[in-house]
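In: Have a look at this prediction, sequence included:
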Amino acid sequence: MDNSAGSRPRARLAHRRPPARRQSLSTFQRVGLILGIIAFLAPFAFDIPGLDGPGERMLSIFFLAIVFWITEPIPLVATATLVIFLEVILVSTGAILPVGEEALASSSYFAALANPVIILFLGGFMIADGAEKYRLDKNLAAVMLRPFTGSARITILGLMAITAALSMFMSNTATTATMFAVVMPIISALPDGKSRAGLALSIPLAANVGGIGTPVGTPPNAIAIGALAEHGIKVSFVDWMMMAVPLMLLILVLAWILLSILFVPKEAKIKIGTETDWDTSRPALGFYIVTATTIALWMSEPLHGVSSTTVGFLPVVALLAMRIMDSSDVKKLDWPVLWLVSGGIALGTGVGATGLDEWLVSSINWSSLPALGLIGLLAFIGLAMANVISHSAAANLLVPLAVSLAVSLDSIGTITVAAVVAIACSLGMSLPISTPPNAIAYSTGEISVKNMATIGLLVGILGTLLLVALMPIAWSALGLV
């Protein structure tokens, strides 16, 4: 049966649900809209020393992206697509204004929508949605929780370890929703007090931290890998894990210690049901095999040499071809996140292609800062921004600049800077608006903003200090950068 709108009986059209009323902009968003337009037009009105026409127009796009991603007068994903569109009509070879011979073709900017990093993320999203569809996520959580029943502090440690592990390969939003479905009955059964808040806080903390561990764990990681690839630097799936997992585990333990001290009495007890209900249907078994194969290929990339991005397309093809997942499942994927990451990749491409990166780097005497001070400054800027805007938006703005800066300086490694800025952006988690896992946790009514801000700031600041002070040294000693 043809279900297209054109073939529906005319009588059915009358019963369509009326379109949702568009929400009006807040005062902050209205101001952002006006400031964004002014920021965009300013480089057209004033000559910018050291920049030619394409560079000035790229600066306009960059200013617009900054203001719109911070104030959100239009959705984040809309800003991402606007960036690509403006680059095509203003700084590509098909631009409506003159550009130099070195300008990129419009296809180079459109290619951001199908960048290999996007394909990698697409595979991760397919696995995450399939895990929910076939109850793999909840069953794994139940099995892994069995050794952690009894002491509340030990139970929370187990919850955090499982949440972080799932978040390495699933979106942190899906992981948080899954884990709350498992633990909400337990939280409700606890007496009112700090223990309930501590248990509820443990899940978003672990989901945010766990995403650091793999390229598919959180968008800032993908943005960093994409920005490095634009400069001809390849970071494999395993390379990223070797860099990020030790830090992830360190911050996870730190977060657990802080939660235990601040919220969970030593004598508190928690009982958790660990019953499982495995789906043993043929499609479910096929999903388990495809998922295990994909993860195994990601982990063994140095042995077989097939890139993680190519492997990331395997679950997309296999799950659809085997009819384990279908077009309805594809529609449920988090496409806005993929387009948002694409906008960040395109922004980095434009900044580099127009010489804006060199101009931005040369406008400040970065070389006067010691390497550690420069890395620390970039990391804490990323942390601060990610607490008040989305992690992806913060990484979209900072990572391309940080990579361009590192390429121009001999004192700091490019991979080091990209990884530090991306990870620092993932540690911004002090407010309900900072990240979707925080919003989900806050919506349970078990957490106050004060408690979330307290633990989020402590973990974010201490985690960033560890990131800046220890990891570049460790990465260098291990030959990873």
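Out: All right, it came through fine.

In: What confidence value was assigned to Ala227?
Out: With respect to pLDDT, Ala227 has a value of 89.

In: what helix or strand is it on?
Out: Per DSSP states H and E, Ala227 falls inside helix 219-230.

In: Dump that helix to CSV, restricted to CA.
Out: Output of helix 219-230 as CSV, limited to C-alpha atoms (Å, rounded to 0.1, in the frame of the first residue of the first chain):
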residue,chain,number,x,y,z
PRO,A,219,30.3,14.2,19.8
PRO,A,220,33.3,16.3,21.0
ASN,A,221,35.5,13.2,20.4
ALA,A,222,34.3,12.9,16.8
ILE,A,223,34.8,16.6,16.3
ALA,A,224,38.4,16.4,17.4
ILE,A,225,39.1,13.4,15.2
GLY,A,226,37.5,15.1,12.3
ALA,A,227,39.5,18.3,12.8
LEU,A,228,42.7,16.3,13.0
ALA,A,229,41.8,14.5,9.8
GLU,A,230,41.4,17.8,8.1
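
In: which helices and strands sit right next to it?
Out: Other helices and strands packing on helix 219-230, by 3 or more Cβ pairs under 8 Å, 6 or more residues apart in numbering; DSSP states H and E, are helix 116-133, helix 237-263, helix 335-353, helix 391-408, helix 414-426. No exception for glycine: its C-beta is placed from N, CA and C like everyone else's.

In: Let me see the mean pLDDT of stretch 88-105.
Out: The model assigns stretch 88-105 a mean pLDDT of 89.

In: Name the residues of it that are buried.
Out: 88, 90-92, 95, 99, 103-104 (16 or more other Cβ atoms under 10 Å).

In: likewise stretch 72-84?
Out: Buried, per 16+ other Cβ under 10 Å, within stretch 72-84: 72-74, 76-84.

In: Then stretch 31-48?
Out: 32-33, 35-36, 39-40, 43.

In: Looking at the residues you listed, which one is closest to Ser202?
Out: Ranked by distance to Ser202 (Cβ to Cβ), the buried residues of stretch 31-48 are led by Gly32 at 34.3 Å.

In: wait, the closest one sits on Phe68?
Out: Yes: using Cβ atoms under 8 Å, Gly32 makes contact with Phe68 at a distance of 6.7 Å.

In: so how far is Lys234 from the residue nearest to the spatial centre of the chain?
Out: In the chain, the residue lying closest to the centroid (Cα atoms, centre = their mean) is Pro219, at 2.5 Å. Distance of Pro219 to Lys234, given as Cβ to Cβ, to the nearest Å: 19 Å.

In: Also Pro116?
Out: 10 Å.

In: out of those two, which sits in the more crowded spot?
Out: Pro116 (19 against 12; other Cβ atoms under 10 Å).

In: Spatially, what comes nearest to the more buried one if we skip its sequence neighbours?
Out: Thr309 (3.6 Å; Cβ to Cβ, 6 or more residues apart in numbering).

In: same deal with His391?
Out: Cys425 (4.9 Å).

In: do Ile251 as well
Out: Gly463 (4.3 Å).

In: quick one: the helix or strand harbouring the one you found to helix 414-426, angle?
Out: Counting by DSSP H and E, the element that carries Gly463 is helix 449-469. On the basis of axes from the mean of the first three to the mean of the last three Cα atoms, to 10 degrees, helix 449-469 is oriented at 170 degrees to helix 414-426.

In: Just give the number of residues close to the spatially closest residue to Val117 that is not a sequence neighbour.
Out: In space, and not counting its chain neighbours, Val117 is closest to Gly226: 4.1 Å by Cβ to Cβ, 6+ apart. Burial measure for Gly226: 30 neighbouring residues, criterion other Cβ under 10 Å.

In: which ones are touching Gly226?
Out: Gly226 sits next to 115, 117, 341, 344-345, 348 when contact means Cβ atoms under 8 Å, 6 or more residues apart in numbering.

In: between the residues you listed, which has the most around it?
Out: Gly344 leads the contacts of Gly226 on contacts (other Cβ under 10 Å) with 32 neighbours.

In: That one: what's it in contact with?
Out: Per Cβ under 8 Å, 6+ apart, neighbours of Gly344: 80, 223, 226-227, 392, 395-397, 399-400.

In: try 6 Å this time
Out: By Cβ atoms under 6 Å, 6 or more residues apart in numbering, the contact list for Gly344 reads 223, 396.

In: from the buried residues of stretch 72-84, which ones fall inside strands?
Out: Judged by DSSP state E, strands contain none of these.

In: Buried residues in the host helix or strand of Thr175, which are they?
Out: Here Thr175 sits within helix 172-189, counting by DSSP H and E. By neighbour count on 16+ other Cβ under 10 Å, the buried set for helix 172-189 is 172-180, 182-183, 186-187.

In: Rounded mean pLDDT for stretch 60-75, please.
Out: Stretch 60-75 comes out at a mean pLDDT of 89.

In: re the thing from before, I'd like the next helix or strand past the strand or helix carrying the residue nearest to Pro116.
Out: For Thr309, the host element (DSSP H and E) is helix 308-321. The first helix or strand that comes after helix 308-321 along the chain, using DSSP H and E, is helix 327-331.

In: State the distance from Ser151 to Ser260.
Out: Applying Cβ to Cβ to Ser151 and Ser260 gives a distance of 10 Å.

In: quick one, the helix holding Ala227 and helix 237-263 angle?
Out: Here helix 219-230 runs at an angle of 150 degrees relative to helix 237-263 (the same axes, to 10 degrees).

In: got the angle for helix 219-230 vs helix 391-408?
Out: 30 degrees.

In: Start at 693, not 1
Out: Okay, using 693 as the starting number, the last item reads as helix 911-922.

In: thinking again about what came up before, what's the spacing between the helix holding Gly1155 and its chain's center?
Out: 18 Å (Cα atoms, centre = their mean, to the nearest Å).

In: same thing with stretch 815-828?
Out: The answer for stretch 815-828 is 17 Å, by Cα atoms, centre = their mean.

In: go on, stretch 765-785?
Out: 20 Å.

In: Using PDB, write out every CA atom in it.
Out: Extracted C-alpha coordinates of stretch 765-785, given in PDB (Å, rounded to 0.1, in the frame of the first residue of the first chain):
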ATOM      1  CA  PRO A 765      17.900  31.900  18.700                       C
ATOM      2  CA  ILE A 766      17.500  29.100  16.200                       C
ATOM      3  CA  PRO A 767      18.100  25.400  17.000                       C
ATOM      4  CA  LEU A 768      21.700  24.200  17.300                       C
ATOM      5  CA  VAL A 769      21.400  22.000  14.300                       C
ATOM      6  CA  ALA A 770      19.900  24.800  12.200                       C
ATOM      7  CA  THR A 771      23.000  26.900  12.900                       C
ATOM      8  CA  ALA A 772      25.200  24.000  11.800                       C
ATOM      9  CA  THR A 773      23.400  23.700   8.500                       C
ATOM     10  CA  LEU A 774      23.400  27.500   8.100                       C
ATOM     11  CA  VAL A 775      27.200  27.500   8.500                       C
ATOM     12  CA  ILE A 776      27.500  25.000   5.600                       C
ATOM     13  CA  PHE A 777      25.100  27.000   3.400                       C
ATOM     14  CA  LEU A 778      26.900  30.300   4.100                       C
ATOM     15  CA  GLU A 779      30.300  28.700   3.400                       C
ATOM     16  CA  VAL A 780      29.000  27.500   0.000                       C
ATOM     17  CA  ILE A 781      27.600  30.800  -1.100                       C
ATOM     18  CA  LEU A 782      30.300  33.000   0.400                       C
ATOM     19  CA  VAL A 783      33.700  31.300   0.300                       C
ATOM     20  CA  SER A 784      33.500  28.300  -2.100                       C
ATOM     21  CA  THR A 785      34.300  28.400  -5.800                       C
END
